[in-house]
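**Student:** Have a look at this fold, sequence not included:
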């Protein structure tokens, strides 16, 4: 059983038909990268997985269970999300950003939550920033904190929505490095990105989305080396 | 032009009594108003029928003159509750309810000014809607609404003069008494204007200091 | 010939418009705060009426002036007089030493006295001293207001009108009201079913005067002469009976 099963997913915004029937699975431990032109629905697809966007029709199952309004909050605990614009909580210090959800949602003891937070900060290379406020950090640092914050809930899946698109070029590397180490540790990841190098190096599967449809999906070598579909070829020729 | 400031100088203690009542009424009313306003501001944004209750309250209060509201409470409530209300209580009720509606709009705008990403991040971590509101949205919104809340306080400070209509001896009423006794209306009202000015400027300064303090915390 | 006729016509028209002005009486602007029944108040037809109004009109008639009666806020009466916006105040104004420093008063034209109005079942309050510790209503800036304010321990509530003040006794918000006895009597005459009564005279006599600028000595003399005449020829009594009959 795949950890996430998506069946015939449609999403309409008023009259705009953004996702036109996507069916795919995410296996445990897989790193799946989603690529495609702007407006293809990549972010929308990702945000449907944790119901930040409500699907218009179709089914999404997590660990075999259909995701609905009733189990939504529970499912979200198991899916961490990292956003393009970080979305750290500016009124709280880094350490509190990370411990908030574990304390409130998983009812962790404050000291336990703190201990876990320090360990995560160590892991993303920011132990010395525990007491800083988000606006005192660079973009790359903020994104790494955001990753630590999501990991603090010990999710089974991590969703990344263009995690480096808002970063200055010199900071992209530090964030990708963290993501690579996560992948190496066996985390299930779904990543929407333009970083083709990362996709090639780290992903197990690449999905090409265009105009709301899943046009092609395959191993990275196949997609990048020998794309089948004309639209895939056309897209790749423009960006590589 | 024959101004007799000395006559008015003797009445300053009386006027000060009025000013103190004005400040008291305004402070209590705005405090209650902030509580009411937060509740109704959040209600206003809910997607349940509660929204209509909030809209009704906010539109009614903002759409009718404060003087009318004061009279409705003072003259309209006694038949319902069977006993007369002291003017002080009636004034507090009317001013609080009035303030609450304006604060509700301030709170609503404050909440809506917090970018969607904050809510999305909180929800994606598994926080409930109410936890999101309490821990993430409201704390940030409140920092933003300090200036408009300060303005609401200043507005109510001046509008509270309307309670003189139910014979409550706040600053304006005291001025009417003093002017009527001394027959020096210009001097009296000028001094009263200065007193209001001192109060409103003091509030503005406090708001600025508060704003600056809160910013340092970020 | 035609030109002469035209000039003649213009002259006639000119004289026709000017002559009323030439023949016009001088104007006496009189003012009062018209919220003091029955001395001056605004009736249901929006007209200013009352004892002081009729008296001022009669005086104007007697001294050959046309009276314009204006409604001004109490605290603005003396300043308006001093600024020459008005010429005389007829507003139930008591003659006091303080006020006499700023203006001249005519001879007294009315004698008033204070009384205390209470609920008709109230037999505890009979004098001003009985008001200590009680809730007392007054009409703002009247002699009743001043008297009540002097009483140690009385909790004074100042209302804008007498009916409002007395209504609050009925409602139980206040225990008593200190007002001019003629005004109380006028209220009872108009509201015979009100469960109120007054306790009679509780103060020294108080005299109302018409206020005039100190430099208008000629006017003062004329007004005093007119007052004397009105009292002698019965006009004063007629006006008095019109407003205070049955008391």
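**Tutor:** Good, I have the coordinates. Predicted model only: the values in this text are computed from it and were never measured.

**Student:** so how far is the one helix or strand residue A:216 maps to off the chain centroid?
**Tutor:** Per DSSP states H and E, residue A:216 falls inside strand A:213-218. Mean-position distance between strand A:213-218 and its chain equals 18 Å (CA atoms, centre = their mean, to the nearest Å).

**Student:** can you check stretch A:74-88 too?
**Tutor:** 8 Å.

**Student:** Flag every buried residue along that stretch.
**Tutor:** A:75-88 (16 or more other CB atoms under 10 Å in any protein chain shown). C-beta: built from backbone N, CA, C; applies to glycine.

**Student:** So for that stretch, mean pLDDT?
**Tutor:** Here stretch A:74-88 scores 96 as its mean pLDDT.

**Student:** Spell out which residues of chain B are next to chain A.
**Tutor:** B:117-118, B:120-128, B:131, B:135-136, B:139-140, B:143, B:217-218 (CB under 8 Å from any CB of the partner chain).

**Student:** Where does the residue nearest to residue B:169 when sequence neighbours are not counted fall, secondary structure wise?
**Tutor:** Ranked by CB to CB, 6 or more residues apart in numbering or on different chains and with sequence neighbours excluded, the top spatial neighbour of residue B:169 is residue B:18, at 5.9 Å. Here residue B:18 sits within helix B:5-45, counting by DSSP H and E.

**Student:** For chain A, what's its nearest residue on chain C.
**Tutor:** residue C:157 (48.8 Å; CB to the nearest CB).

**Student:** Tell me who's in contact with the closest residue to that residue other than its chain neighbours.
**Tutor:** Excluding the flanking residues, the one nearest residue C:157 by CB to CB, 6+ apart is residue C:137, at 5.0 Å. For residue C:137, the contact set (CB atoms under 8 Å, 6 or more residues apart in numbering or on different chains) comprises C:156-159, C:165-166, C:168-169, C:173-174, C:176-178.

**Student:** Could you report the neighbour count for the residue in chain A positioned nearest to chain C?
**Tutor:** Here the residue of chain A nearest chain C is residue A:91; by CB to the nearest CB that distance is 48.8 Å. By other CB atoms under 10 Å in any protein chain shown, 19 other residues sit near residue A:91.

**Student:** Repeat that for residue C:45.
**Tutor:** 6.

**Student:** and chain B, which residues reach chain C?
**Tutor:** Counting by CB under 8 Å from any CB, chain B sits next to chain C at B:2, B:78, B:84, B:86-87, B:167, B:169, B:173, B:176-177, B:179-186, B:188.

**Student:** could you point out the longest helix in chain A?
**Tutor:** As assigned by DSSP state H, the longest helix anywhere in chain A is helix A:169-184.

**Student:** what mean pLDDT does the helix holding residue B:18 have?
**Tutor:** Mean predicted confidence for helix B:5-45 is 94.

**Student:** And the helix or strand residue A:209 falls within, what does it pack against?
**Tutor:** Using DSSP H and E, residue A:209 sits in strand A:205-210. Judged by 3 or more CB pairs under 8 Å, 6 or more residues apart in numbering or on different chains; DSSP states H and E, the packing partners of strand A:205-210 are strand A:31-35, strand A:213-218, helix A:220-225, helix A:230-239.

**Student:** which of the residues in stretch B:85-105 are buried?
**Tutor:** So for stretch B:85-105, counting by 16+ other CB under 10 Å, buried means B:85, B:87-88, B:90-105.

**Student:** Which members of those residues are positioned in helices?
**Tutor:** Counting by DSSP H, the buried residues of stretch B:85-105 contribute B:87-88, B:90-105 to helices.

**Student:** so what are the domain limits for chain C?
**Tutor:** Following automatic domain parsing, chain C resolves into domains at C:26-111+C:207-244, C:114-204.

**Student:** okay, now the nearest residue to residue C:33 once chain neighbours are set aside: neighbour count?
**Tutor:** Leaving aside its sequence neighbours, residue C:33 sits nearest to residue C:74 (CB to CB, 6+ apart; 4.0 Å). A count of nearby residues for residue C:74, using other CB under 10 Å, gives 22.

**Student:** Pull up the pairing partners for the strand holding residue A:209, direction included.
**Tutor:** strand A:31-35 (parallel), strand A:213-218 (antiparallel) (DSSP bridges).

**Student:** now what about it, what contacts it?
**Tutor:** By CB under 8 Å, 6+ apart, strand A:205-210 touches A:22, A:24, A:30-37, A:40-42, A:45, A:199, A:214-220, A:223-224, A:227, A:229, A:231-232, A:235.

**Student:** Quick check: closest non-adjacent residue to residue A:142.
**Tutor:** Counting by CB to CB, 6+ apart, the residue nearest residue A:142 is residue A:86, at 4.5 Å.

**Student:** OK, contacts around that neighbour?
**Tutor:** Contacts of residue A:86 by CB under 8 Å, 6+ apart are A:134, A:139, A:142-143, A:145-146, A:166.

**Student:** if we can go back for a sec, mind listing what's buried along the strand holding residue A:209?
**Tutor:** Applying 16+ other CB under 10 Å to strand A:205-210 flags A:205-210 as buried.

**Student:** in the lowest-mean-pLDDT helix or strand in chain B, what counts as buried?
**Tutor:** Ranked by mean pLDDT, DSSP states H and E, the weakest helix or strand in chain B is helix B:77-81, scoring a mean of 86. Neighbour-count burial for helix B:77-81 flags residue B:77 (criterion: 16+ other CB under 10 Å).

**Student:** mind checking how far it is from the chain centre?
**Tutor:** With CA atoms, centre = their mean, you get 25 Å for helix B:77-81.

**Student:** tell me what that helix is packed against?
**Tutor:** Using 3+ CB pairs under 8 Å, 6+ apart, helix B:77-81 is in contact with no helix or strand.

**Student:** Quick check: what element follows the longest helix of chain A along the chain?
**Tutor:** strand A:188-192.

**Student:** quick one: that next one to helix A:169-184, angle?
**Tutor:** Strand A:188-192 and helix A:169-184 meet at an angle of 150 degrees, taking axes from the mean of the first three to the mean of the last three CA atoms, to 10 degrees as the criterion.

**Student:** got the contact list for the following helix or strand past strand A:188-192?
**Tutor:** Counting by DSSP H and E, the next helix or strand C-terminal to strand A:188-192 is helix A:196-202. The contact list for helix A:196-202 (CB under 8 Å, 6+ apart) reads A:31, A:33, A:35, A:176, A:179-180, A:183, A:191, A:193, A:206, A:220-221, A:224, A:239-240.
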